[in-house]
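Enquirer: coords below, sequence missing:
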Ligand code: NAP
């Protein structure tokens, strides 16, 4: 079940949140501590869906700072007006908790514990206390300081499953996002979502429409395969839109989540064993290598991985960036025998330079930090030139393999416009799809190739690796364009 937290703060906004989320939610939680002067009867009668009344006190990270007696009265009123559940804290007065539990044939009771400050957790001790409370449903919410900590939520749900007790466990904050998406796979009774206006009750809440339609969170089973992307930051990542849409179209029992990783070692120890595969992005493409059981010779030579799959229990890494980029270029022109100037000396530049040379191009490297360009050129036997001198070198194809021009610095280009006349110009940057470099190139009669082409190629290869199904690039292009249009209308990154 998806539960939308209704937080107001005004009554008008609260009622609008109910109306706006009704299509996507199975239940509403009214946060009486966050709604100003809540009209409890009005709120509860605004929906036909089951309801939870919560009035979280400030001593448990809530917004209610009045007297305990007033708080309990509000919950009692909610019960009288037909709230199906009330949520009360494990640390509330024991007599009051007991009284609510005694009467739970009228309104069921969720007993909860909230730990907002990323304190160390003793899951089994906490679970035992909540279990002993006799509540109908037990709930744990804690702030995750790293993705590895979502394991606590899954461990909590496993204990509840053993006792056949309904349970909710959420890791709050951006690191906790997968715990909200994967609740059902790990046996949770429900998950909490933000209303469609994005006003969540806790950090990291995903809005209900996304949980229901993008992640299909309510349809997951124990057998659902979990994939995702690891990186940091991940707010700009488009993978969740592409892969989840493709999984749905191909009717795969699989989901793709964002794993914002702070500590790679802990992620590989606690979370990677739960996954069937994952994409790797900045800053882990090189760092993930020592954790893998096998990589092919191309990946080894490039020294960077962007795709990991679990095969017979072993983690196998590969680099799809190299062929994705060159396939995009070769859709426009065959690179064999051509001169290619690659700007950049990071992981992407390395992958492109390696593959371009393999396909017969004469590659010249340039980079802001000249030392790195020299090092890369030496490693693969390529030419190099100072960034200030690129105007004096001859080339047919220019590749921007740096992050210059990417949002938010969209008015920057890595090279002067004068060197672009009649060239073929490929930019790896795909956000925005039309960069300053590509606009400059077009104005000088150059043929351009957008970074989205590389992005789609590598996503298609990854999807095939994850699902053994070849996706149609045209379908993926539409999914990506639809998402990018939505984002540019909102002028903001997808929120966690
Ligand atoms: P990386 O290893 O960190 O390398 C970054 C490169 O950008 C370095 O050469 C760096 O130069 C250069 N750079 C950064 N800021 C600069 C600036 N202000 N002026 C000049 N040069 C600058 O990163 P990466 O993994 O190679 O990724 C590079 C870009 O490729 C990113 O924007 C990423 O999104 C994009 N990418 C796109 C796709 C796709 O599918 N289209 C796939 C993978 C990556 P220094 O060495 O001087 O620092």
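Expert: Sure, I can see it. Treat the numbers as computed from the prediction; the structure is a model and nothing was measured.

Enquirer: The ligand contacts on the protein?
Expert: Counting by C-beta under 6 Å from any ligand atom, the chain comes close to the ligand at 282, 321, 344-349, 367-369, 372, 401-404, 406, 414, 428-430, 451, 454-455, 458. For every residue, glycine as well, the C-beta is placed using N, CA and C.

Enquirer: can you count the residues close to the residue in the stretch 301-450 of the chain positioned nearest to the ligand?
Expert: The nearest approach of the stretch 301-450 of the chain to the ligand comes at residue 346, 2.0 Å away (C-beta to the nearest ligand atom). Using other C-beta atoms under 10 Å, residue 346 is surrounded by 18 other residues.

Enquirer: just checking, it touches residue 401?
Expert: Yes. The pair residue 346 and residue 401 qualifies as a contact (C-beta atoms under 8 Å) at a distance of 7.0 Å.

Enquirer: Among the residues of the chain next to the ligand, name the buried ones.
Expert: With neighbours counted by 16 or more other C-beta atoms under 10 Å, the residues of the chain next to the ligand contain buried members at 321, 344-349, 367, 372, 401-404, 406, 414, 428-430, 451, 454-455, 458.

Enquirer: Closest residue of the stretch 101-250 of the chain to the ligand?
Expert: residue 236 (8.3 Å).

Enquirer: ranges for the helices of the stretch 101-250 of the chain?
Expert: In the stretch 101-250 of the chain, the helices defined using DSSP state H, counting those that start in this stretch lie at 123-132, 150-162, 177-181, 208-209, 239-249.

Enquirer: Quick check: which of those helices is buried the most?
Expert: Sort the helices of the stretch 101-250 of the chain by mean neighbour count, taking mean count of other C-beta atoms under 10 Å, and helix 177-181 sits at the top with a mean of 27.

Enquirer: So which other helices or strands are in contact with that one?
Expert: If contacts are counted by 3 or more C-beta pairs under 8 Å, 6 or more residues apart in numbering; DSSP states H and E, helix 177-181 sits against helix 150-162, strand 166-172, strand 191-193, strand 254-260.

Enquirer: Direction included, what does the shortest one pair up with?
Expert: It stands for strand 191-193. Neighbouring strands of strand 191-193 in its sheet, by DSSP bridges, are strand 2-6 (parallel).

Enquirer: So for the partner strand, mean pLDDT?
Expert: Strand 2-6 shows a mean pLDDT of 96.

Enquirer: Sort out for me which of the buried ones among the residues of the chain next to the ligand are in helices.
Expert: 321, 347, 348, 349, 372, 451, 454, 455, 458 (DSSP state H).

Enquirer: Most widely separated two among these?
Expert: Spanning the widest gap among those are 372 and 455, at 24.0 Å by C-beta to C-beta.

Enquirer: what's near enough to touch the closest residue in space to residue 458 that isn't next to it in sequence?
Expert: Distances taken as C-beta to C-beta, 6 or more residues apart in numbering place residue 324 nearest to residue 458, at 3.6 Å, with adjacent residues excluded. Residue 324 sits next to 454, 455, 457, 458, 461 when contact means C-beta atoms under 8 Å, 6 or more residues apart in numbering.

Enquirer: if we go to 6 Å?
Expert: Neighbouring residues of residue 324 by C-beta atoms under 6 Å, 6 or more residues apart in numbering: 454, 457, 458.

Enquirer: Kindly state the pLDDT recorded for whichever residue of the stretch 151-300 of the chain sits closest to the ligand?
Expert: The stretch 151-300 of the chain approaches the ligand most closely through residue 282 (5.3 Å), counting by C-beta to the nearest ligand atom. We have a pLDDT of 90 for residue 282.

Enquirer: next one: residue 490
Expert: 47.

Enquirer: again with residue 107
Expert: 89.

Enquirer: correct me, but residue 232 touches residue 260?
Expert: Yes. If you go by C-beta atoms under 6 Å, residue 232 and residue 260 touch, sitting 5.3 Å apart.

Enquirer: Those two: who's more crowded?
Expert: The neighbour comparison of residue 232 against residue 260 (other C-beta under 10 Å) goes to residue 260, with 24 against 19.

Enquirer: picking that back up, could I get the helices and strands packed on helix 177-181 in TSV, plus columns for mean pLDDT?
Expert: Listed next are the helices and strands packed on helix 177-181 as TSV, based on pLDDT from 0 to 100:
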stretch	mean pLDDT
helix 150-162	97
strand 166-172	96
strand 191-193	96
strand 254-260	97
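
Enquirer: Centroid-nearest residue for the chain?
Expert: residue 258 (2.6 Å; C-alpha atoms, centre = their mean).

Enquirer: Surely residue 263 and residue 146 touch.
Expert: Yes. Residue 263 is in contact with residue 146 according to C-beta under 6 Å; the separation is 5.1 Å.

Enquirer: Looking at these two, which has the bigger crowd around it?
Expert: residue 146 (22 against 15).

Enquirer: ok, and the closest non-adjacent residue to that one?
Expert: residue 262 (4.1 Å).

Enquirer: before we move on, what SS does that neighbour have?
Expert: Under DSSP: H, G, I helix; E, B strand; the rest coil, residue 262 falls in the coil class.

Enquirer: Okay then, goodbye and thanks.
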